[in-house]
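Visitor: No sequence on hand, only this structure:
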Ligand code: SF4
């Protein structure tokens with residue numbers, strides 16, 4: 001099926017000729033891709049000749065369907081030359097390249113982001129701020145100076161308290177180039193801090209076999225970037241804004257990212273949800289990287305980057321958690337001396353495998369008591385760690401302006417979840433501005449100081 005023309009007067013918009021083959025599921029995929037393309041201002045054309053590129057959404061269900069797909073690709077190559085292939089046949093790219101080595105890019109079924117990524121490379125979108133409803137950086141719900149950057153969807157882990165893999169499926173990573181392009185747009189739009197998120201950030205790119213993609217930066221330099229946590233962190237670090245890493249599990253390769261933090265390429269901050277410290281509980285939770293010796297790793301990270309901030313979250317009252325398990329958690333906490341910690345009382349989410357483990361349910365009053373003990377223990381640790389900052393100079397990004405005192409965050413504080421720095425200043429500070437602040441006082445969660453550099 002050849003997708004019909006769209007009618008506008010915009011002569012500058014790149015034109016795409018789209019061939020959709022196969023079943024209704026493939027048709028829905030085509031519709032989704034086309035919707036995104038149209039939202040980005042691309043035009044559709046009925047003719048291959050004269051278009052900027054051709055997309056062929058293939059079907060590989062039967063041999064006859066494969067032959068039809070290969071014919072359609074051949075026709076597009078003859079009439080246009082720049083062809084992106086997606087759909088079921090994309091799952092076996094070698095069959096396509098064997099017949100047509102000249103195709104521009106091949107992506108698999110449902111890889112909408114990768115198709116768009118290839119389209120952007122083949123024919124960059126022409127954003128028209130007077131016509132497009134969506135600004136180039138997308139629609140953001142965060143303030144202008146920081147933005148969340150989602151690098152993957154879904155998760156390959158199967159933690160027993162969690163239903164996210166059931167809801168969102170296995171890990172699907174965006175290509176590094178796609179992530180970087182979004183990051184660059186955000187930075188151009190005034191974002192000063194990028195918060196990298198996913199379900200499992202350190203697993204980024206496993207599904208893509210860490211494939212490299214080429215990214216042209218703002219200076220016009222093209223560079224190959226692998227879809228790998230450390231490579232992406234390094235490339236994001238070149239954008240000249242704060243880059244903060246969330247949801248990082250302590251797999252061994254995370255060690256490679258710590259030098260980037262020591263060099264301030266990315267923020268010296270790791271948000272690493274550990275959930276527990278007792279081996280039996282971690283085993284029942286089926287936590288990723290649970291076997292890694294977390295205390296030894298943390299010690300090493302602090303040697304490599306002494307001012308690294310470590311944040312984590314924990315669950316108390318998981319089914320089968322004994323008094324001894326809980327005491328072990330408190331001991332671990334004391335030794336790890338994390339900077340920031342969140343704690344949740346276990347709740348049996350409907351559909352979570354933990355409900356069927358057959359382990360003893362921890363009564364609510366015990367959960368409550370453990371939660372209080374945990375929080376009290378951590379509060380002392382956090383306060384002790386914050387106090388060490390009194391007398392130091394910290395870079396602070398301003399979140400809220402005020403007539404005499406502005407509210408901001410240091411490199412150690414993520415928005416919403418960590419503390420704040422209250423900054424007195426000779427002149428009013430602007431939202432998004434980064435000031436150097438001399439820290440004069442600390443309380444349980446926040447710091448107070450005076451701006452000494454702008
Ligand atoms: S809790 Fe476990 S299964 Fe759920 S999203 Fe996180 S890593 Fe994946």
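Guide: That came in fine, so what should we check first? Worth saying up front: this structure is predicted, and the values here are computed from it rather than measured.
Visitor: who in this structure is up against the ligand?
Guide: Proximity of the chain to the ligand, by Cβ under 6 Å from any ligand atom, involves residues 155, 157, 158, 159, 162, 164, 165, 199, 200, 288. In short, each C-beta sits where N, CA and C put it, glycine included.
Visitor: Among those, which pair sits farthest apart?
Guide: Greatest spatial distance among these (Cβ to Cβ): 164 and 288, at 12.6 Å.
Visitor: Those two - which one has more neighbours?
Guide: residue 288 (20 against 17; other Cβ atoms under 10 Å).
Visitor: Is that one in contact with residue 250, as I believe?
Guide: No. Residue 288 is beyond contact range of residue 250, at 9.0 Å (criterion: Cβ atoms under 8 Å).
Visitor: re the thing from before, output the residues of the chain next to the ligand in a markdown table, with secondary structure and pLDDT appended to each entry.
Guide: Below are the residues of the chain next to the ligand laid out as a markdown table (DSSP: H, G, I helix; E, B strand; the rest coil; pLDDT from 0 to 100):
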| residue | secondary structure | pLDDT |
| --- | --- | --- |
| 155 | coil | 91 |
| 157 | coil | 90 |
| 158 | coil | 92 |
| 159 | coil | 92 |
| 162 | coil | 87 |
| 164 | helix | 80 |
| 165 | helix | 84 |
| 199 | coil | 88 |
| 200 | coil | 91 |
| 288 | coil | 79 |
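Visitor: Among those residues, the buried ones, what's the ChimeraX command?
Guide: Here is the ChimeraX command that picks out the buried ones among the residues of the chain next to the ligand, judged by 16 or more other Cβ atoms under 10 Å:
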select :155,157,159,162,164,165,199,200,288
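Visitor: now, among the residues of the chain next to the ligand, which is nearest to residue 298?
Guide: Residue 298 has its nearest neighbour among the residues of the chain next to the ligand in residue 288, at 16.8 Å by Cβ to Cβ.
Visitor: and residue 150, what does it touch?
Guide: By Cβ atoms under 8 Å, 6 or more residues apart in numbering, residue 150 lies in contact with 174, 197, 198.
Visitor: how much space between the closest residue to residue 238 other than its chain neighbours and the ligand?
Guide: Leaving aside its chain neighbours, residue 238 sits nearest to residue 217 (7.0 Å; criterion: Cβ to Cβ, 6 or more residues apart in numbering). Computed with Cβ to the nearest ligand atom, to the nearest Å, the distance linking residue 217 and the ligand is 31 Å.
Visitor: Residue 76 too?
Guide: 39 Å.
Visitor: correct me, but the residue nearest to residue 238 touches residue 236?
Guide: No. In this structure, residue 217 is not within contact of residue 236 by Cβ under 8 Å, at 11.2 Å.
Visitor: Give the residue from those two that has the larger number of neighbours.
Guide: Using other Cβ under 10 Å as the criterion, residue 217 and residue 236 rank with residue 236 on top: 25 against 15.
Visitor: so who does the more buried one touch?
Guide: Residue 236 neighbours (Cβ under 8 Å, 6+ apart): 149, 179, 180, 183, 194, 196, 243, 266.
Visitor: do you know how far the one residue in the stretch 201-350 of the chain that gets nearest to the ligand is from residue 251?
Guide: Per Cβ to the nearest ligand atom, the residue of the stretch 201-350 of the chain with the smallest distance to the ligand is residue 288, at 5.6 Å. Distance of residue 288 to residue 251, given as Cβ to Cβ, to the nearest Å: 8 Å.
Visitor: Please apply the same query to residue 412.
Guide: Taken as Cβ to Cβ, the span from residue 412 to residue 251 is 23 Å.
Visitor: Surely residue 13 and residue 43 touch.
Guide: Yes. Shown here, residue 13 and residue 43 form a contact pair, counting by Cβ under 8 Å, at 4.6 Å.
Visitor: for the most far-flung residue of the chain relative to its centre, helix, strand, or coil?
Guide: Relative to the centre of the chain, and counting by Cα atoms, centre = their mean, the farthest-placed residue is residue 64 at 40.2 Å. Using DSSP: H, G, I helix; E, B strand; the rest coil, the structure places residue 64 in helix.
Visitor: for residue 281, same thing?
Guide: helix.
Visitor: Residue 426: neighbouring residues, count only.
Guide: When neighbours are counted by other Cβ under 10 Å, residue 426 registers 9.
Visitor: Show the contacting residues for it.
Guide: By Cβ under 8 Å, 6+ apart, the neighbours of residue 426 are residue 451.
Visitor: remind me, longest helix of this protein?
Guide: Longest helix in the chain by number of residues (criterion: DSSP state H): helix 364-387.
Visitor: other SSEs contacting the helix or strand that comes right after that helix?
Guide: Read in the C-terminal direction, the helix or strand following helix 364-387 is strand 393-400, with elements assigned using DSSP states H and E. Here strand 393-400 touches strand 405-410, strand 421-424, strand 434-442, strand 447-453, going by 3 or more Cβ pairs under 8 Å, 6 or more residues apart in numbering; DSSP states H and E.
Visitor: what does strand 393-400 contact?
Guide: For strand 393-400, the external contacting residues (Cβ under 8 Å, 6+ apart) are 143, 145-146, 192-193, 242, 406-412, 415, 420-421, 423, 429-439, 447, 449, 451-453.
Visitor: repeat for stretch 353-366
Guide: 158, 160-161, 284-285, 317-321, 345-346, 348-349, 370.
Visitor: Check those residues for the minimum pLDDT and say which it is.
Guide: Least confident of the contacts of stretch 353-366 in the model: residue 349, at 77.
Visitor: Wait, a helix at it?
Guide: No. Under the criterion used here (three-state DSSP), residue 349 is coil, not part of a helix.
Visitor: Excluding covalently adjacent residues, which one is nearest to it?
Guide: Among residues not flanking residue 349 along the chain, residue 163 sits closest, at 5.7 Å (Cβ to Cβ, 6+ apart).
Visitor: now swap in residue 273 and tell me
Guide: residue 313 (4.7 Å).
Visitor: quick one, phi/psi of that neighbour?
Guide: Main-chain dihedrals, residue 313, degrees, to the nearest 10: phi -130, psi 150.
Visitor: Could you pull up the contacting residues of it?
Guide: 273, 274, 275, 341, 342, 343, 344.
Visitor: 7 Å instead?
Guide: Going by Cβ atoms under 7 Å, 6 or more residues apart in numbering, residue 313 touches 273, 275, 342, 343, 344.
Visitor: what bridges to it?
Guide: Note on residue 313: beta-bridge partners residue 342, judged by DSSP bridges.
Visitor: Which pLDDT does the model give it?
Guide: Predicted confidence (pLDDT) for residue 313: 93.
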